[in-house]
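>>> Structure for this input, please:
(chains A, B and C)
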Amino acid sequence: MSEIVSKTNTGRFFEDFRLGETIVHATPRTVRAGDGPLYTALYGTRFAVQSSDAFAQAIGYPAAPVDDLLVFHIVFGKTVPDISLNAVANLGYADGRFLRPVYAGDTLSTTSEVIGLKQTSAGDAGIVYVRSIGRNQDGEIVLSYARWVLVRKRHPGTPAHAEQVPELPKAVTPEQLGQGCPALELTAYDDGLSGSTFRWGDYVVGERIDHVDGITVEEAEHQLATRLYQNTARVHFDAYAARETRFGKRLIYGGHVISLARALSFNGLGNAFHIAAINGGRHVAPLFAGDTVYAWSEVLEVAELPGRQDVGALRLRLVATKNRPCGEYPLRLGDGYADGVILDFDYWALLPR
Amino acid sequence: MSEIVSKTNTGRFFEDFRLGETIVHATPRTVRAGDGPLYTALYGTRFAVQSSDAFAQAIGYPAAPVDDLLVFHIVFGKTVPDISLNAVANLGYADGRFLRPVYAGDTLSTTSEVIGLKQTSAGDAGIVYVRSIGRNQDGEIVLSYARWVLVRKRHPGTPAHAEQVPELPKAVTPEQLGQGCPALELTAYDDGLSGSTFRWGDYVVGERIDHVDGITVEEAEHQLATRLYQNTARVHFDAYAARETRFGKRLIYGGHVISLARALSFNGLGNAFHIAAINGGRHVAPLFAGDTVYAWSEVLEVAELPGRQDVGALRLRLVATKNRPCGEYPLRLGDGYADGVILDFDYWALLPR
Amino acid sequence: MSEIVSKTNTGRFFEDFRLGETIVHATPRTVRAGDGPLYTALYGTRFAVQSSDAFAQAIGYPAAPVDDLLVFHIVFGKTVPDISLNAVANLGYADGRFLRPVYAGDTLSTTSEVIGLKQTSAGDAGIVYVRSIGRNQDGEIVLSYARWVLVRKRHPGTPAHAEQVPELPKAVTPEQLGQGCPALELTAYDDGLSGSTFRWGDYVVGERIDHVDGITVEEAEHQLATRLYQNTARVHFDAYAARETRFGKRLIYGGHVISLARALSFNGLGNAFHIAAINGGRHVAPLFAGDTVYAWSEVLEVAELPGRQDVGALRLRLVATKNRPCGEYPLRLGDGYADGVILDFDYWALLPR
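Below is the predicted model:
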């Protein structure tokens, strides 16, 4: 049967990427009325806007929008078979912008443009930079973000691509925020129901918040989550193959950590209902089943949105740890990260003014 | 940053409650078309009315109502951050009445009135009695119940509140039942599809039913369930902190046990489709992941509903055990409960006549 | 209380079945917008037609149909309390035909006709052959399949039934396929979005495909799945009772294995979007939590569908293994199955031409 073309996708290697090419990713996915409850069951998220149609409608949404990170994970998941099946490491995110709310019934699909390529000095792998764009069924962009991953080469000896490293902003500017949030009727925003009396104006730069609670993660949970996003990265699912890896066990999808930390952050940031932008993010250390995740936040910037009186933006650093409560706000240790830190995430959230 | 107000909710202590005050709980929650399947996946419930739109519509519901205990857990979950974050123990329930069916699309919110306060003799904690009320998006009451919990004091030396213990009924009376169940078209009630030929009139006081089957509970399952209800009690989620506790591990939410036992009770009570009232309930012993839950029921009363020929009520004692099958109906041992008993639950169910 | 009829269903024994009788199974089940996401979370399935309303509508479906195996498991689950509660083994399937798409909102119910009975030579059990039929709320047949199970006798000494073994086809014929798939508008079928450029005509008889990926199964996952299908077989849920069994632990529902293997098969069969028929299936060995499932496929037949130019059929053998990757296509070893093989499944899939 040597004439039969192999039908199996083994993923792209570094050599397979071409600068400027656009990859259409498979499996559009309709977000359904079941995705919200599953997301709630996985993380325990409690932001009122996403939880309640009645709350969302009172302030001007047509219905409760889908959690921003659920959108991120679904859009991201589609890229895995084409971008990162042979990735060594997921290096970073930048310039992530949520540009339109997503509602149950919307269908999401993703394309990625290769915006940079850089071979490692060892020559056996290279960094692939992509801009991934999630669209709804009407072709409208709901999310755009840049990501770079270290991808193995198929043959270490292959000549390198011409190197090109894209310039990416350190942070999304306030002018770019707010497209994912309609104009709100703030008089109807009920702090009793939202769970926090602290509005945008109550936070100050430098303020740090320990989110107090911890959540222990089980194998079944992160697998359910990662499959929900149709993310196929095998390191999350195959314990048999994992025995031969460095860690000897399954790794938890980094996005699962972001969602856990974000859900924990409700306690202290209960009105930070919308993630408007992702400035950057780094998965500092891996998380494994059985570990307990804690989180704390720091207010990096407080910004008005040009022309809007309803909401303001906080730039927040969200730090997650494992098996280390965050009362002492662990972050740095010398040049590196402190013990137990697993996530250093920089984003813009919107809050009512 | 000493001037910054802490944004984190550390929960109320006994001193923080005032008799007669009404607490608005956070995070209204729209019940979605995904909650039913998740509830089914968590417990395996098989009551036809909640499982099938076609069955429910044939007998007079506009659609399949949401499982009564799912409503209970969602309404209850909202109270946790305000009532029981510093609870030592959940002592009891009384006078719980399901007053209106809930359907997918309804938004639930909860308020609690403090109806009693009683400091312990040791002076380091007190019992808080609340009446919690769940409402839908139209403000209609769907569930009302009383609950009392033992809550720590912030400072053991604080003077005690004036003591007031509310009078609560030992059981809801038959006259109060049935508001959560529309008038039914019984000719369309199909015993083949419901899974039981035993109607209301076939049960007698004193009858005991071993529900035979057992379900082993996993950490991932009870965490998914408890988060689905947005219940934030940390004892259910934080294995790291639990190492220092009396049990050394996570506790399973008591409501999870009630739902497991209720689902098991289908085998013997297949037509007891609606929980009309909760007379009382006691979590006799904790449940942990890895334990197997069994259940049995005893018929305590058989009652007509005034003015209704379609349904009748059974007052049932539902007993759950762990790692002990219920063929011998374990309950009491001397003054206490028999080994393995974890739940003693007293409720009214409606069955077709 | 000796006069009280036991209300508990202990399941039928071999003596209780009568040739030709039709059993109405309990608990009709409305498939909801939450079932698709849960199914995705459990298996990671990525077939575009079931995943995306937009994709499905573009090619002629009114909406994304429910995954065929979800329909199978729900229809099958209803039969368990009546057919296989006292089963020793689930021996086989044949002549399974998916006859109509199922959509969220449809209500499924099941009846089974006893089409064969054959006592074992030992006389303590017998094989029960049933034809189970799943219908939607309009009474239309959505699935019909034959199944045979070995069921214990209540009393080994009971005289045997007259023996009758039904004739069942080795495979469904191509003429019978396609009723579960509407006429498709193939010009709108987008291989980029479907995730595979390989159409029906690209596969050849004898071709074998290693699906490469592996999924480790957790107790919580298979229990959630099996309860989602309202399948009550206690071997899947009761770890306490399982201690006394041959394996000493819970068994994973065989249908869970089929769904895992089917989801894995996307990598290589991404356009095989519809299961039109199940020709046969054998659960060769049990699967337990902690095991990792791999799969490979062989093309057994390539067939046109009479009168249809839109889709063609592949008859596929889908083999699942545990803790054994499938690069060498493990199947037979002497007269038996090779080590690690757990499923040998024979079905017809439809692909766009």
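>>> drop to CA atoms for contacts and neighbour counts, all remaining ones
OK.
>>> what about A:Ala272, is that helix, strand or coil?
Per DSSP: H, G, I helix; E, B strand; the rest coil, the local secondary structure of A:Ala272 is coil.
>>> what's the neighbour count on the closest residue to it other than its chain neighbours?
Nearest residue to A:Ala272, sequence neighbours excluded (C-alpha to C-alpha, 6 or more residues apart in numbering or on different chains): A:Leu351, at 4.7 Å. A:Leu351 is flanked by 21 other residues according to other C-alpha atoms under 10 Å in any protein chain shown.
>>> Bridged to A:Leu351, which residues?
A:Gly312 (DSSP bridges).
>>> Pretty sure it sits against A:Trp200.
Yes. The pair A:Leu351 and A:Trp200 qualifies as a contact (C-alpha atoms under 8 Å) at a distance of 5.2 Å.
>>> Spit out the residues that contact the two alike.
Each of A:311-314 lies in contact with both A:Leu351 and A:Trp200 under the rule C-alpha atoms under 8 Å, 6 or more residues apart in numbering or on different chains.
>>> Can you pull the residues of the stretch 51-200 of chain A lying near chain B?
Counting by C-alpha under 8 Å from any C-alpha of the partner chain, the stretch 51-200 of chain A comes close to chain B at A:51-55, A:192-195, A:198.
>>> of all these, which comes closest to C:Lys118?
Using C-alpha to C-alpha, A:Ser51 is the member of these that sits closest to C:Lys118, with 55.2 Å.
>>> can you give me phi and psi for the closest one?
Phi and psi for A:Ser51, reported as degrees, to the nearest 10, are phi -80, psi -30.
>>> Now it. Nearest residue, chain neighbours left out?
By the measure of C-alpha to C-alpha, 6+ apart, the closest residue to A:Ser51 outside its immediate chain neighbours is B:Arg29, 5.0 Å from it.
>>> how many neighbours does that neighbour have?
B:Arg29 has 30 nearby residues by other C-alpha under 10 Å.
>>> Could you do A:Val88 as well?
14.
>>> can you give me the offset of the strand or helix carrying it from its chain's centre?
Assigned by DSSP states H and E, A:Val88 falls within strand A:87-98. Relative to the centre of its chain, strand A:87-98 is centred 8 Å away, using C-alpha atoms, centre = their mean, to the nearest Å.
>>> repeat for stretch A:68-83
On the basis of C-alpha atoms, centre = their mean, stretch A:68-83 sits 8 Å off its chain's mean C-alpha point.
>>> pLDDT averaged over that stretch - what is it?
Taken as a whole, stretch A:68-83 has a mean pLDDT of 97.
>>> Ignoring the adjacent residues along the chain, who's closest to A:Arg18?
In this structure, A:Arg18 finds its nearest non-sequential neighbour in A:Val114, 6.8 Å apart by C-alpha to C-alpha, 6+ apart.
>>> what's across from that neighbour in the sheet?
What pairs with A:Val114, by the bridge criterion (DSSP bridges), is A:Val130.
>>> Can you report how many residues neighbour it?
Residue neighbour count, defined by other C-alpha under 10 Å, stands at 22 for A:Val114.
>>> Then A:Glu328?
A:Glu328 has 10 neighbouring residues, counting by other C-alpha under 10 Å.
>>> any idea how far it is from C:Pro286?
49 Å (C-alpha to C-alpha, to the nearest Å).
>>> same thing with A:Ala160?
In terms of C-alpha to C-alpha, A:Ala160 sits 49 Å off from C:Pro286.
>>> which neighbours does the helix or strand of chain A with the lowest mean pLDDT have in its sheet, and in what orientation?
Each helix and strand of chain A was given a mean pLDDT (mean pLDDT, DSSP states H and E); the minimum falls on strand A:87-98 at a mean of 93. Sheet pairing here is set by DSSP bridges, and for strand A:87-98 it gives strand A:141-152 (antiparallel), strand A:274-283 (antiparallel).
>>> one step back: output the strand holding A:Val88 as PDB, nothing but the C-alphas.
The C-alpha trace of strand A:87-98 is given here as PDB (Å, rounded to 0.1, in the frame of the first residue of the first chain):
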ATOM      1  CA  ALA A  87       5.700  22.600  19.800                       C
ATOM      2  CA  VAL A  88       8.300  22.300  22.500                       C
ATOM      3  CA  ALA A  89       7.000  25.300  24.400                       C
ATOM      4  CA  ASN A  90       4.300  27.900  24.200                       C
ATOM      5  CA  LEU A  91       6.400  31.100  24.700                       C
ATOM      6  CA  GLY A  92       4.000  34.000  24.900                       C
ATOM      7  CA  TYR A  93       1.000  36.000  23.900                       C
ATOM      8  CA  ALA A  94       0.700  39.600  23.000                       C
ATOM      9  CA  ASP A  95      -1.700  42.100  21.500                       C
ATOM     10  CA  GLY A  96      -4.800  40.100  22.300                       C
ATOM     11  CA  ARG A  97      -8.000  42.100  21.700                       C
ATOM     12  CA  PHE A  98     -11.600  41.000  22.300                       C
END
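>>> hmm, who's touching that strand?
With contacts defined as C-alpha under 8 Å, 6+ apart, strand A:87-98 is touched by A:68, A:142-152, A:168-172, A:177, A:179-180, A:275-283.
>>> List the buried residues for it?
A:87, A:90-98 (16 or more other C-alpha atoms under 10 Å in any protein chain shown).
>>> cool, stretch A:159-172 as well?
Within stretch A:159-172, the residues that count as buried by 16+ other C-alpha under 10 Å are A:160, A:171-172.
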